[in-house]
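Undergrad: here's a sequence, model it:
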Amino acid sequence: MKTRFRIEIYDENKNNDVTIYSEQGVDKDYLTELVFSNIKNFDGNVRAYVYDSLKKKKITAVYLPMDLLNKVKSKIPASPTRLGLI
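TA: Residues are numbered from 1 along each chain as shown. Just a heads-up that it's a prediction; the model follows:
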């Protein structure tokens, strides 16, 4: 089964959902890494889940509250386009 695992990452307003399909299982560390690699796209509380389509249930979950998200985003340098330089 090629797309056994479905990874869903979304925030409160669900405008910037990310869905990734995987052949291999995803542990909590890798799921957290995926969330932080897409952190600029999210506003509000972020939830991430890994669904196993064979067993039809969630196998891993990560929840990041808004205050932690804002703390991490404040340490990311602004890009030139966000500063209006380009």
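Undergrad: give me the element the residue nearest in space to the middle of the chain is part of.
TA: Closest residue to the average C-alpha location of the chain: residue 35 at 3.1 Å, with CA atoms, centre = their mean. Assigned by DSSP states H and E, residue 35 belongs to helix 28-37.
Undergrad: check residue 3 too.
TA: Residue 3 belongs to no helix or strand, assigned by DSSP H and E.
Undergrad: which residue packs closest to it, ignoring adjacent ones?
TA: residue 21 (4.1 Å; CB to CB, 6 or more residues apart in numbering). Backbone N, C-alpha and C define where each C-beta goes, glycine included.
Undergrad: run a quick neighbour tally on that neighbour.
TA: 11 (other CB atoms under 10 Å).
Undergrad: give me every residue that touches it.
TA: 2-3, 5-7 (CB atoms under 8 Å, 6 or more residues apart in numbering).
Undergrad: using JSON lines, lay out those together with neighbour count.
TA: Listed next are these as JSON lines, based on neighbours: other CB atoms under 10 Å:
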{"residue": "2", "neighbour count": "6"}
{"residue": "3", "neighbour count": "10"}
{"residue": "5", "neighbour count": "19"}
{"residue": "6", "neighbour count": "15"}
{"residue": "7", "neighbour count": "19"}
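Undergrad: ok, of the residues you listed, which one's closest to residue 77?
TA: Residue 77 lies nearest to residue 7 out of these, by CB to CB, at 27.2 Å.
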